[in-house]
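K.L.:
This is a predicted model, with the sequence first.
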Amino acid sequence: MGRYAAYEQVLNLNPEMPYAQQKLAYALQQRSKTDQARALEYYREAIQQNPDDIQIIIAL
């Protein structure tokens, strides 16, 4: 299982995990330009769940 699948599996089990949202977003962002929109969705979800986490905001 790759890191993308692992993070997606974690989020399927518990979608309210901003850390996993952020890590998946970063992984997608690094993978290819075509995954940028998906990465942005995960970053936004992570910020919505944890708006005070400066690391997520900086990563965005």
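P.N.:
Happy to help now that I have it.

K.L.:
Would you point out the helix or strand in the chain whose mean pLDDT is lowest?
P.N.:
In the chain, no helix or strand scores lower on mean pLDDT, DSSP states H and E than helix 54-59, which sits at a mean of 82.

K.L.:
so what secondary structure elements neighbour that helix?
P.N.:
Under the contact criterion of 3 or more C-beta pairs under 8 Å, 6 or more residues apart in numbering; DSSP states H and E, helix 54-59 touches helix 18-31, helix 36-49. Using the backbone N, CA and C atoms, a C-beta is placed for each residue, glycine as well.

K.L.:
which residues touch Arg44?
P.N.:
Residues near Arg44 by C-beta atoms under 8 Å, 6 or more residues apart in numbering: Leu60.

K.L.:
Just the pLDDT at it, thanks.
P.N.:
Note on Arg44: pLDDT of 90.

K.L.:
to the chain's geometric centre, what's the distance from the least confident helix or strand of the chain?
P.N.:
11 Å (C-alpha atoms, centre = their mean, to the nearest Å).

K.L.:
what comes up buried for it?
P.N.:
Within helix 54-59, the residues scored as buried using 16 or more other C-beta atoms under 10 Å are Ile56, Ala59.

K.L.:
Listing request: residues of this structure with sub-threshold pLDDT.
P.N.:
The chain contains residues with pLDDT under 70 at 1.
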